[in-house]
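Undergrad: return atomic coordinates for the entry below.
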Amino acid sequence: MLFRQLFDAASSTYTYLLGDTVSGEALLIDPVFEQTTRDLSLLQELGLTLKLVVDTHAHADHVTAAWLLKQKTGCQIASAAVINAEYVDLPLHHGQRFGVQGVELEARATPGHTDGCMSYVLSDQSMVFTGDALLIRGCGRSDFQQGNPHTLYHSITEQLFSLPDSCEVYPAHDYNGRTQSSIGEERAFNARVGGEANENDFVGYMDALRLPHPKRIAEAVPANLRSGRPPEDQLPLQPEWCDDLRITYAGVPEINLEWLMAHRKELTLLDVREPNEYEQEPLPTYLGNALQIPVGNLHDRVAEVPNVLPVVALCRSGKRSALATNILREHGLTHVASLHGGWLALPQG
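TA: I've put the predicted structure just below:
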């Protein structure tokens, strides 16, 4: 199984990608609306097809990307049936097994943070994705959204602590840079429910918390009951200058050769190879003239790059042009991209 843990800094949310390298199918757990481009880029780079998006609960601190990913990929949406969210294709019940080809999960109802909280256990019980029910050395709050500390205590101790000690715990959030734990660790060391803590200890702890409500609760909860569908179906806008811009997982804007050829007269082409490379491997004549500035000199010569037309940078393989694109952006140019594959992607002859 291919596994990736992704992070949204604005909401301290973890998104999890689980994929099967044989079938090429993948699922995402708790995707964030603003990170859709990142997640789609990673899927494309890893050669995976998104088949399923799964939310652990109706989050109060961010908007899910479920609906948007469904529009872009045709994937299905899954979440707890009790939430009754719109646009859900697979309403999940306690004990239900689901997933994609090569990756099977078991849904376990773990309410208490919200009524609709579910944790997802990998079929071999080596991993559990706990949402906000169990965090690393903590747990989700229980003072709003149908929260109940008694219910949460039983969810953790009966549903999650019944898993093997070696089962790795992957929560929906962490606010201190921690990435994973284990059931054994949390059973022993969790500050709220671990060690010798009983239900009275846990409920007393939770009732004494005085936490401010999440800043985006008024926006996030109603949106998540629509599976993240925005008002009037407003999708994130593509840049006006390019209708086929792709942002790589590394964060570099790229265009392909077909788009370059179709819009060549509307662009400045910037060749960032070294002078000896220009001579040994000149650009094909069908690309016309290019501005030539080696990437090592670009910081000092960026003023030579006209800011009238969009700029497409190229090099031999697309690596140095990616750096050049970031340099141009650092200097305030916004309509910039790297040519995917560089000179090697050009038809020769």
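
Undergrad: C-alpha only now, for contacts and for neighbours.
TA: Noted.

Undergrad: tell me the SS of residue 26?
TA: Here residue 26 is recorded as strand under DSSP: H, G, I helix; E, B strand; the rest coil.

Undergrad: make 7 the starting number, not 1.
TA: Let's use 7 as the start, then, which means that last one is residue 32.

Undergrad: residue contacts, it?
TA: Each residue near residue 32 by CA atoms under 8 Å, 6 or more residues apart in numbering is listed here: 23, 24, 25, 26, 54, 55, 56, 57, 58, 106, 109.

Undergrad: quick check, nearest of those residues to residue 34?
TA: Residue 34 has its nearest neighbour among the contacts of residue 32 in residue 23, at 4.7 Å by CA to CA.

Undergrad: got a markdown table for the contacts of residue 32, with distance to residue 81 and secondary structure too?
TA: Below are the contacts of residue 32 laid out as a markdown table (distance: CA to CA, whole Å; DSSP: H, G, I helix; E, B strand; the rest coil):
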| residue | distance to residue 81 | secondary structure |
| --- | --- | --- |
| 23 | 14 | strand |
| 24 | 14 | strand |
| 25 | 14 | strand |
| 26 | 16 | coil |
| 54 | 12 | coil |
| 55 | 9 | strand |
| 56 | 6 | strand |
| 57 | 4 | strand |
| 58 | 5 | strand |
| 106 | 11 | strand |
| 109 | 15 | strand |
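
Undergrad: what's the closest of those to residue 144?
TA: For these, the minimum distance to residue 144 (CA to CA) is 23.3 Å, reached by residue 23.

Undergrad: that closest one contacts residue 37, correct?
TA: No: applying CA atoms under 8 Å, one finds residue 23 not in contact with residue 37, separated by 9.1 Å.

Undergrad: more neighbours: those two, which one.
TA: Per other CA atoms under 10 Å, whichever of residue 23 and residue 37 has more neighbours is residue 37, with 27 against 21.

Undergrad: so how far is residue 352 from the more buried one?
TA: Residue 37 sits 36 Å away from residue 352, going by CA to CA, to the nearest Å.

Undergrad: ok, now residue 87?
TA: Residue 87 sits 51 Å away from residue 352, going by CA to CA.

Undergrad: and for residue 49?
TA: Distance, residue 49 to residue 352, by CA to CA: 25 Å.

Undergrad: tell me the contacts of residue 277?
TA: With contact set as CA under 8 Å, 6+ apart, residue 277 has these partners: 296, 297, 298, 299, 300, 319, 320, 321, 327.

Undergrad: go with 10 Å
TA: Listed by CA atoms under 10 Å, 6 or more residues apart in numbering, the contact partners of residue 277 are 284, 289, 295-301, 318-322, 326-327, 330, 348-349.

Undergrad: then residue 255?
TA: Applying CA under 10 Å, 6+ apart, we find residue 255 in contact with 43, 44, 45, 46, 47, 48, 49, 50, 51.

Undergrad: quick one: end-to-end distance for stretch 287-301.
TA: Distance across stretch 287-301, first residue to last, is 17 Å (CA to CA).

Undergrad: avg pLDDT for that stretch?
TA: Rounded to a whole number, the mean pLDDT of stretch 287-301 is 92.

Undergrad: what's the next secondary structure element after the helix or strand bottoming out on mean pLDDT in the chain?
TA: For the chain, using mean pLDDT, DSSP states H and E, the weakest element among its helices and strands is strand 252-253, scoring a mean of 86. Using DSSP states H and E, the helix or strand that directly follows strand 252-253 along the chain is strand 259-261.

Undergrad: partners of that following strand in the sheet?
TA: Neighbouring strands of strand 259-261 in its sheet, by DSSP bridges, are strand 252-253 (antiparallel), strand 342-345 (parallel).

Undergrad: nearest to residue 179, of the contacts of residue 255?
TA: Using CA to CA, residue 45 comes nearest to residue 179 of the contacts of residue 255, at 17.3 Å.

Undergrad: the closest one and residue 75, how far apart?
TA: In terms of CA to CA, residue 45 sits 9 Å off from residue 75.
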